[in-house]
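Undergrad: Curious how this folds, go ahead:
(3 chains)
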Amino acid sequence: MDENKVLMSLRDVNMVFKKPGSLLADRNIHVLKNISLDVYEGEILAVVGESGCGKTTLGKIITGLYRPTSGSIVFAGQDLMKLFAKSLSSFNAVQFIQQDSYAALNPVRTIYQSLYAPIKNYHRDWNRFQIDAKIEELMKVISLYPSEQYLNKYPHQLSGGQRQRILMARAISLDPKLIVADEPVSMIDVSLRLSLLNLMKSLKDLYHMSFVYISHDLATTRYIAENGRVAVMYLGEIVELGKISDIIKNPRHPYTRALIQAVPIPDPHFKGSETLPLKSMNLGTLENRGEGCPFYERCLYADEKCLSKVPYVQTETSLSMCCHLGKIPHESLFGRRLKKEEEK
Amino acid sequence: MKEKASKLNLWLKSLSLSLKDFFFRVGVLGKKLFSNYKTILGTSIILLYILVAIFGPLIFPYNQEINMVDKYLMNSWTHPFGTDWLGRDVFRQVIAGAGSVLEIAFFTAAFSVVFGTILGIVAGYLGGWVDKVIMSVANIFLSIPAFPVYLLLAAVIVISSPIQFALVISVFSWAGLCRAIRIQVMSLKERDFLQICLVMRMSKAHIIFKEIMPNVFSYIAINFVTALRNAIMASVGIMLVGLAAYDPTNWGAIINAARTKGLTNVNNIYILLYPLVAIVIFEVATLMVSNGLDETFNPRLKEM
Amino acid sequence: MENDSIVSFKDVSIEYRLKRFTLKAVNHASLEIKRGKITALVGESGSGKTTLASSLINCISEPGRVSAGQVVFHDEGKDIIVNELSPKELRKFRWEKVSMVFQAAQSALNPVSMVREQFYETFDEHGLKMTKEEKEQRCVKLLNYVKLDPERVLNSYPHELSGGMKQRVMIAFALLLRPKVIILDEPTTALDVITQNYIFTLLKKINKDFGISMLLMTHDISVVARFADYVCVMYGGELMEYGSVYQVFDKRAHPYTEGLIQSTPNLIEDIKAMKPIPGMAPNLLDMPKGCVFSPRCPYATDLCRTKAPETTHCEVGFGKCYLYEGTSENGRK
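TA: Here you go, the predicted model:
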């Protein structure tokens, strides 16, 4: 597991969608703005943010479903933007696990057929028995054994957790180097999530893959990206990036602070302050954005300085947007715990 | 030599596994389709008609000889439907005509389903100008009233075989299916399981035939059965105005002949009724099958 | 204790009678919902919590039926037995006494009519004679209360609103006729963490300002810890434990409760301490003999596997486990 080797790097990636607007001009929806990110080999990089922040679009760009409007993507030395121009059919190293396991499987094909087809497509010269053996091996890895019980079933006959495991098996069947998982456990009951997350962790170690884990829930993200990094996104920009343990202990950007405070903790003594440090519920618009911090409209601590171009501040452990935050008191989670101890 | 033998062995084993899979899937499909009493009843009736069409003329051959002595006989054991104005046995006419009717119906249904499906999938999947062109053509065919044009075509082209007849009728019946399939494909395109086919770099052919096609199968099956019905109606209609008179035992032709002879003679009404009832029963059977299929594919329509 | 509760489930059993078999979704459940407090029903999917809560407005999905017991609503002075109401009485009861906020707000709102029309319709259907201005005023007041822009929202169709906005519209809808109880069926499942926080803060405000009792159904136990006053844990159609939130979380007397808390990822616990509950959810058609949870319980004994435990009551709650001692300590180990 070579953590220092960069597997994929994105530089200044922008994604603009054109929506037909008034007679004079189309509206430009700036979904991703100047995203620069590195994914190292064998690491888990989490991408966290609310709905509408662009994290799903980022995932789709990494898998090759969308072509970015501008910027550069380099994967293991290959320039992907050039490949986009020709064809991506030879690029197999990135796979995708979706959120809705029922929609991600063809409802009129059995599980066996859904697993067989991509393997056959990838290994054109394999015969039936080799593919069957591979499928057996995969079913053992995802702990859906004995496989006969599951292979001849249709997607609606399995539970959500079982389907999600099939999606994972399908993703690893093509020997990818990087897997993008888009909120894979958000449709599953909270008490059942751990076993799926454990499976993902073991797959990563077994097959030496990198994961990009997209989610809106910091709690599950913390569990799976134990020693990895997290990128916090807001309105299409990365507002904070660094090791997850550091960021949770010591968040720097006001949005990250709000996010951490919003996560409920299964201990009633941790009521915390009921109101979040946010001005409003509304996300802000993705259209016609100017320079300056994207969080300006919602930030409790914003002033005119935030409207001009905001530089990145790099500390030893994390990279975050510039914010005059050092002075504002932050009751970290451990601060809350201390309060509880005092109460006793 | 040994290598060749083991290769053959491997190939045979693989074939047997594929066959096993195939029969398993057919079995699941069959169980699903025939769990509904409507489907069972309807299909049995249609099968009965097919059997009659194939074996009927062998058991009850139709003798075209004119026999004025036996004119307008009533029902009896030798003539279950009586005889017509030329002394010919009506029962055997109906049996002989079954084949003709079914041929036209199945060919029409096949043509319209094939055209409609292919064009619908192509339009829905490729989009863009291909979609616009195909849709404009379909819209033209949907807005022009079919029947007058059928008559026009039938008058201009001399129809002398069931295939020609089927082609004429299917000219108008493919457009509706094309539209329905195009919409289905367009909404399927955005579904997650097709997006992941793109990520897994599957070929377009695989996506169309192995992923999309099975999903629209229910539409195709139901539409095929409905097309059978429409085909018979259209063919009878055309024959009622005296066109496409190449086969006098075709039920439409019998009805037309009886009508032309004059319905004031009650005997002619009887003669007209037998093929009419045969048509109605067939229509009802197709209706039952299509309703039954609809319920099977749309489980919400069923009662718990 | 009777006048302290607003709803009593008295030994309620709910069944689904299908063609070939009968599915028992809720098995002899007895529960008191306290007046003016937020009670949470926690359990995995299939545990029967939605079925039990929908019986309160007699809205169980077909073909479910209350096969035994009574669902009693304690109105001022009189008691209403909900599962025996006539259709006419039921129509008056629903929304005036008890209303519901459904999961997945997108399917609860009519996609082809504007939000304003749907609000007005509700007023009309309940026979309230109000002028247009009065109706509009009420709607505007309610939408302002849930922090939505009334102008924009009343004139929109449901698909033009975001998930969080739709859910707030549903909450305003539920408040329309000033009910005494609101049932919330997983109100924040499809929403992200910040929106979830807003919704629950709003609900707590409603509870404080109007004294409306709430019955919250969820599978997320962290949300319960943060926002509920009382919690009831459900598994396989049976009520496993009940008590105040502090009591249940501190003592974790029932093994299933302990397992639930341990298997929920959170921000502060040691990652190594989190582990999933072994085994799979029970098959409702093939229930285990004895205690429902025994196949997955780390403390299960032969007694647990053969004979189901009785419910042990204590001062402020109850538990269904041999390990749950009826002392005021509610201790184990």
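Undergrad: Residues in contact with stretch A:145-163: which ones?
TA: Contact with stretch A:145-163 is made by A:101-102, A:104-112, A:114-115, A:135-136, A:139-140, A:144, A:166, A:187-188, A:192, A:195-196, B:24, C:45, C:281, as judged by CB atoms under 8 Å, 6 or more residues apart in numbering or on different chains. C-beta here means a position set from N, CA and C on the backbone, and glycine is covered the same way.
Undergrad: Sort out which of those are in strands and list them.
TA: The strands, defined by DSSP state E, take in nothing from the contacts of stretch A:145-163.
Undergrad: Buried ones only from those residues, please, as a ChimeraX command.
TA: The ChimeraX selection below is limited to those of the contacts of stretch A:145-163 classed as buried (16 or more other CB atoms under 10 Å in any protein chain shown):
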select /A:101,102,104,105,106,108,109,110,111,112,114,115,135,139,144,166,187,188,192,195,196 /C:281
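Undergrad: Strands of the stretch 1-150 of chain B, start to end?
TA: Assigned strands in the stretch 1-150 of chain B: none (criterion: DSSP state E, counting those that start in this stretch).
Undergrad: For it, which residue gets nearest to chain A?
TA: residue B:14 (4.3 Å; CB to the nearest CB).
Undergrad: What residues does the nearest residue to that residue once chain neighbours are set aside make contact with?
TA: Excluding its sequence neighbours, the residue lying closest to residue B:14 (CB to CB, 6 or more residues apart in numbering or on different chains) is residue A:128, at 4.3 Å. Neighbouring residues of residue A:128 by CB under 8 Å, 6+ apart: B:14, B:17, B:18.
Undergrad: cool, residue A:95 as well?
TA: A:63, A:171, A:172, A:174, A:176, A:178, A:179, A:180, B:199, B:200.
Undergrad: what's the helix or strand for residue B:176?
TA: Remark: residue B:176 resides in helix B:162-189, with elements defined by DSSP states H and E.
Undergrad: Can you give me the pLDDT of the residue nearest to residue B:14?
TA: Looking at residue A:128, its pLDDT is 84.
Undergrad: got it, and residue A:229?
TA: The model's pLDDT for residue A:229 equals 90.
Undergrad: That one and residue A:47 touch, don't they?
TA: No - the pair residue A:229 / residue A:47 is not scored as a contact, 9.9 Å apart, by CB atoms under 8 Å.
Undergrad: Tell me which of these two has more neighbours.
TA: Per other CB atoms under 10 Å in any protein chain shown, whichever of residue A:229 and residue A:47 has more neighbours is residue A:47, with 29 against 24.
Undergrad: so that one bridges to which residues?
TA: Here residue A:47 shows beta-bridge partners residue A:214, residue A:231, assigned using DSSP bridges.
Undergrad: That one and residue B:97, how far apart?
TA: According to CB to CB, to the nearest Å, residue A:47 stands 70 Å off from residue B:97.
Undergrad: Out of the contacts of stretch A:145-163, list just those in helices.
TA: A:111, A:112, A:114, A:115, A:135, A:136, A:139, A:140, A:166, A:195, A:196, B:24 (DSSP state H).
Undergrad: Go ahead and confirm residue B:215 touches residue B:121.
TA: No - using CB under 8 Å, residue B:215 is not in contact with residue B:121; the gap is 10.7 Å.
Undergrad: Can you lay out the ones in helices among the contacts of stretch A:145-163 as JSON lines showing pLDDT and distance to chain C?
TA: Below are the ones in helices among the contacts of stretch A:145-163 laid out as JSON lines (pLDDT from 0 to 100; distance: CB to the nearest CB, whole Å):
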{"residue": "A:111", "pLDDT": "91", "distance to chain C": "18"}
{"residue": "A:112", "pLDDT": "91", "distance to chain C": "22"}
{"residue": "A:114", "pLDDT": "91", "distance to chain C": "22"}
{"residue": "A:115", "pLDDT": "92", "distance to chain C": "22"}
{"residue": "A:135", "pLDDT": "93", "distance to chain C": "22"}
{"residue": "A:136", "pLDDT": "92", "distance to chain C": "22"}
{"residue": "A:139", "pLDDT": "92", "distance to chain C": "16"}
{"residue": "A:140", "pLDDT": "91", "distance to chain C": "18"}
{"residue": "A:166", "pLDDT": "93", "distance to chain C": "16"}
{"residue": "A:195", "pLDDT": "88", "distance to chain C": "4"}
{"residue": "A:196", "pLDDT": "90", "distance to chain C": "9"}
{"residue": "B:24", "pLDDT": "78", "distance to chain C": "24"}
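Undergrad: And chain A, is stretch C:212-220 touching that?
TA: Yes - Stretch C:212-220 lies within reach of chain A by CB under 8 Å from any CB of the partner chain, at C:219, C:220.
Undergrad: Put the alpha carbons of that stretch into CSV.
TA: Provided in CSV are the C-alpha atoms of stretch C:212-220 (Å, rounded to 0.1, in the frame of the first residue of the first chain):
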residue,chain,number,x,y,z
ILE,C,212,-48.5,18.6,20.4
SER,C,213,-47.5,15.1,21.3
MET,C,214,-45.4,13.3,18.7
LEU,C,215,-44.9,9.7,17.7
LEU,C,216,-41.7,9.5,15.7
MET,C,217,-40.7,6.4,13.8
THR,C,218,-37.1,5.9,12.7
HIS,C,219,-34.4,3.4,12.3
ASP,C,220,-31.7,5.9,13.3
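Undergrad: roughly how far is it from the heart of the chain?
TA: Stretch C:212-220 sits 4 Å away from the centroid of its parent chain (CA atoms, centre = their mean, to the nearest Å).
Undergrad: now stretch B:41-61
TA: That offset, for stretch B:41-61, works out to 15 Å (CA atoms, centre = their mean).
Undergrad: mind giving me the domain split of the chain?
TA: All of this refers to chain A. Structurally, chain A divides into domains by automatic domain parsing as follows: A:6-93+A:176-343, A:108-175.
Undergrad: my bad, the chain I had in mind was chain C
TA: C:2-97+C:179-319, C:107-178.
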